[in-house]
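In: how would this look folded up:
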Amino acid sequence: MGEESGKRRPLQGTPWRSLALPAALSAALAAVVTVIYRNVGEFSFVFDDGGFILTNTPILGGISVGSVRWAFTTTFTANWHPLTWLSHLLDVSLFGLNPGPPHVVNLLLHLVNTVVLFLLWRRLTGALWRSAFVAALFAVHPLHVESVAWVSERKDVLSALLWLLAMAAYLRYLARRSAARYLLVALLLALGFMAKAMVVTLPAVLLLIDWWPLGRLRPGHRGGSGWRTLLLEKAPLLAISAVGSLVALYAQSSGGALASVSVYQPTWRAANAVISYAVYLVKTAWPSALAAYYPFRLESPPLWQMAGASLLVAAISGAAAALARRAPYLFVGWAWYLVTLLPVIGLIQIGGQARADRYLYLPMTGLGIAASWGLPVLFRRLRIRDAVLSGLAVAALVAFACTASRQVEHWRTNVTLFQHALAVTRENWVAHSFLGAEEMRLGRPQGATEHYREAVRINRSSATMRYNLALAYGEAGRPDEAAQELRLALHLDPSLAEARYRLGVLLVRSGRLPEALDTLRAAAREFPGRAEVWNDLGDAAFRLALLAEAEAAFRESLRLRPGDPLVLWNLQQAQARRIREQSGGRDRP
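Out: Numbering: from 1, shown residues only. Okay, the predicted model is just below:
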């Protein structure tokens, strides 16, 4: 890390040094990434992979004309990212529902991103070892594990690749300007939006690198320009970002992902955003207690946290601004971090998480740039500066790599992932929810009720958690508790039709027939195409001797599911009873 800081040097040296050494470093970076993530091919689908892939009907059929059309038109999961959907469709077409190969695809994309980042930053600065450090930090940092080891975060690694390729195309455009080369930059930015909307900040980052290391604002620099000219140059890219932002907001709004202002109050969001900037910074330096989900606390954060975070962010921002001319790399690196995190910092709250490790996938690069160019200046008076800095860099990277290797293993299954989350976070209702689901899948309803009860205790306003707890109570042979939880779920969310249907079935079994009949009538109106709902409605009507209604319900069930032997038998019993009653041999209900 001994290159002169702050000055962009042309690539020099022998052909071996200019080609073979970067190639060797690229291979070394790829090897380290492979070692850290060597076991991901054995991992299961986890977390949201179920909803994204395993139960997502358009994905299950693989690539087809219909699924491609769906990918470009859907806002499923409150996102519009057709390229990401196409990559999942391709996975299913090639590998079926085997979770191993998609994990390996994520690993390969991260590996490519690491090498491209190294070569790109070396091209920008001419600094071989500092660029290698930036890329190595990107490659091995534990905060990046979530983006790589979680199949559903394909959008992170895919959009990052398109981001980096767009930056490379931008350098190519500056080397010899033409409309075709500029269009390539715009195309890659647009494709990036089709993978993940977080690429929205790329035009701002291009403006930052215009200043440093490209030096396009320096007097006398070839191709140098003023800010106005540079902004006009970026106008088409800014327009793409504006359109992409509107599409992303529409998708999130239509998918119900935008959190309510009445629940996530603006002051809490602002406080959480400032605290998150500080937390991300601390976790970059000391990556401990990393979890798949950090719950948003619906309360004002402690004053000391807010004050400490505000002072830290303001102090670094002020120092970076004050040193902007003498040490532009500090300002560019810090601004990169602040700007690229802005879309996901929580001012517009998406979902219920306070923050997420995956959000650092691109923003951390700015911190790596600031450290790689700033630390040598800080130690410039030290006689053995290069040896000390090299030792510190190697030690930090080895520590990060070892921590990342352990963190990867937590993503092996839902059980390992969320048991770890419970160990390192507080009041994590999402972790309890997923562990409850795993207990149910394994046929252990008693264990599931314990986790779901904790989830309900923490998040009392969640109708879904109440519903899940009711199912666990039902499987555990506790119908009264199950019915109570279903009623509470419907009170919280009257549109939760599945809870109404399940409640109707429970009421039939417990003999509360009039209430069961009314409940199942409502469920049939909400699920007119489900044969089992009509069969259960017919059963309730039959038990109450409402034979005409029972027969009509059974016939509707048979229409939806012709030949079902149970429904045929039920219909025959209803008809036989009606005939007996009409003949004068009335049976007691």
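In: use CA for all of it now, contacts and neighbours both
Out: Will do.
In: Could you count how many residues lie near residue 326?
Out: Neighbourhood size, residue 326 [other Cα atoms under 10 Å]: 11.
In: is it true that it lies in a helix?
Out: No - according to DSSP: H, G, I helix; E, B strand; the rest coil, the state of residue 326 is coil, so it is not within a helix.
In: Backbone torsions only: list them for it.
Out: Note on residue 326: its backbone torsions stand at phi -80, psi -30 [degrees, to the nearest 10].
In: change the start of the numbering to 13 and stick with it
Out: Shifting the count to begin at 13 puts that one at residue 338.
In: Residue 585 versus that one, what's the distance?
Out: 90 Å (Cα to Cα, to the nearest Å).
In: Equivalent analysis for residue 523, please.
Out: Separation of residue 523 from residue 585 (Cα to Cα): 19 Å.
In: swap in residue 365?
Out: Distance, residue 365 to residue 585, by Cα to Cα: 53 Å.
In: Please settle this for me: is residue 366 part of a strand?
Out: Yes - per three-state DSSP, residue 366 lies within a strand segment.
In: Next up, the contacts around it.
Out: Residues near residue 366 by Cα atoms under 8 Å, 6 or more residues apart in numbering: 284, 288, 306-309, 358.
In: Of those residues, which is the most crowded?
Out: residue 284 (25 neighbours).
In: Would you enumerate the residues in contact with it?
Out: Residue 284 touches 313, 358, 366, counting by Cα under 8 Å, 6+ apart.
In: And the last one, how close does it get to residue 254?
Out: Put plainly, it is residue 366. 25 Å.
In: likewise the first one?
Out: Between residue 313 and residue 254 the distance is 32 Å, computed by Cα to Cα.
In: Relative to the whole chain's centre, how far out is the helix or strand where residue 351 lies?
Out: Under the criterion of DSSP states H and E, residue 351 resides in helix 340-353. Using Cα atoms, centre = their mean, to the nearest Å, the mean C-alpha position of helix 340-353 is found 23 Å from that of the whole chain.
In: what's the lengthiest helix in the chain packed up against?
Out: Counting residues, the longest helix in the chain under DSSP state H turns out to be helix 239-266. Helix 239-266 sits against helix 191-205, helix 214-223, with contacts defined as 3 or more Cα pairs under 8 Å, 6 or more residues apart in numbering; DSSP states H and E.
In: Next, count neighbours for residue 240.
Out: The number of residues near residue 240, taken as other Cα under 10 Å, comes to 9.
In: name the element the closest residue to residue 196 other than its chain neighbours belongs to?
Out: Nearest residue to residue 196, sequence neighbours excluded (Cα to Cα, 6 or more residues apart in numbering): residue 181, at 6.6 Å. Assessed by DSSP H and E, residue 181 sits inside helix 166-187.
In: residues of that helix that come out buried?
Out: Across helix 166-187, burial judged by 16 or more other Cα atoms under 10 Å covers 166-185.
In: Now do the same for whatever helix or strand residue 560 lives in: mean pLDDT, whole number.
Out: Using DSSP H and E, residue 560 falls within helix 559-572. The average pLDDT within helix 559-572 is 95.
In: buried sites along it?
Out: By neighbour count on 16+ other Cα under 10 Å, the buried set for helix 559-572 is 559, 561-570, 572.
In: Just list what it packs against, helices and strands only.
Out: Counting by 3+ Cα pairs under 8 Å, 6+ apart, helix 559-572 packs on helix 543-555, helix 577-594.
In: residue ranges with poor pLDDT in the stretch 263-412 of the chain?
Out: Low-confidence segments of the stretch 263-412 of the chain (pLDDT under 70): 267-276, 310, 359, 361-363, 393-395.
In: What's the mean pLDDT across stretch 139-150?
Out: 96.
In: and what of stretch 43-56?
Out: Per-residue scores along stretch 43-56 average to 97.
In: first to last residue in it, what's the distance?
Out: 23 Å.
In: Show residues contacting stretch 569-578.
Out: 541-547, 579-580.
In: gap between the two ends of it?
Out: This stretch, stretch 569-578, spans 10 Å end to end (Cα to Cα).
In: how far does the helix or strand containing residue 416 sit from the chain's center?
Out: Per DSSP H and E: residue 416 is located in helix 397-422. How far helix 397-422 lies from its chain's middle: 26 Å, per Cα atoms, centre = their mean.
In: buried stuff in that helix?
Out: 397-398, 401-402, 405, 408-409, 411-413, 415-417, 419-422.
In: Against which helices or strands is the first helix or strand past that helix going along the chain packed?
Out: Next in sequence after helix 397-422, counting helices and strands by DSSP H and E, comes helix 426-436. In terms of contacts (3+ Cα pairs under 8 Å, 6+ apart), helix 426-436 is packed against helix 397-422, helix 441-453.
In: Which among the ones you listed is found nearest to residue 202?
Out: Smallest distance to residue 202 across the helices and strands packed on helix 426-436 (Cα to Cα): 31.3 Å, for helix 397-422.
In: quick one: that closest one to helix 426-436, angle?
Out: 120 degrees (axes from the mean of the first three to the mean of the last three Cα atoms, to 10 degrees).
In: now for helix 397-422, which elements pack on it?
Out: Packing partners of helix 397-422 (3+ Cα pairs under 8 Å, 6+ apart): helix 33-48, helix 140-152, helix 157-161, helix 376-390, helix 426-436.
In: re earlier: higher neighbour count, residue 523 and residue 585?
Out: The residue with more neighbours, out of residue 523 and residue 585, is residue 585; 15 against 12, by other Cα under 10 Å.
In: Would you check how far apart the more buried one and residue 312 are?
Out: 62 Å.
In: same thing with residue 355?
Out: Residue 355 is 22 Å from residue 312, by Cα to Cα.
In: do residue 333 as well
Out: Taking Cα to Cα, one finds residue 333 at 30 Å from residue 312.
In: These two: who's more crowded?
Out: residue 333 (17 against 13).
In: returning to what we had before: what residues does the helix holding residue 181 touch?
Out: Here helix 166-187 makes contact (Cα under 8 Å, 6+ apart) with 93, 96, 118, 121-122, 124-125, 128-129, 132, 159-160, 193-194, 196-198, 200-201, 203-208, 210-211, 214, 218, 370, 373-374.
In: count of residues packed around the closest residue in space to residue 242 that isn't next to it in sequence?
Out: Counting by Cα to Cα, 6+ apart, the nearest residue to residue 242 once its immediate chain neighbours are dropped is residue 219, at 7.2 Å. A total of 18 residues lie near residue 219 under the criterion other Cα under 10 Å.
In: Quick check: residue 219 vs residue 194, distance?
Out: Counting by Cα to Cα - residue 219 and residue 194 are separated by 15 Å.
In: ditto for residue 444
Out: Residue 444 sits 49 Å away from residue 194, going by Cα to Cα.
In: if you count what's nearby, which of the two comes out ahead?
Out: A direct count of neighbours by other Cα under 10 Å for residue 444 and residue 194 places residue 444 higher, at 26 against 20.
In: That one reaches residue 461, doesn't it?
Out: No - between residue 444 and residue 461 there is no contact, the gap being 10.0 Å when judged by Cα atoms under 8 Å.
In: Tabulate the helices and strands packed on helix 239-266 (CSV), appending distance to residue 317 and mean pLDDT.
Out: What follows is the helices and strands packed on helix 239-266, written out as CSV (distance: least, Cα to Cα, whole Å; pLDDT from 0 to 100):
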stretch, distance to residue 317, mean pLDDT
helix 191-205, 34, 98
helix 214-223, 29, 97
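In: Cool, thanks, talk later.
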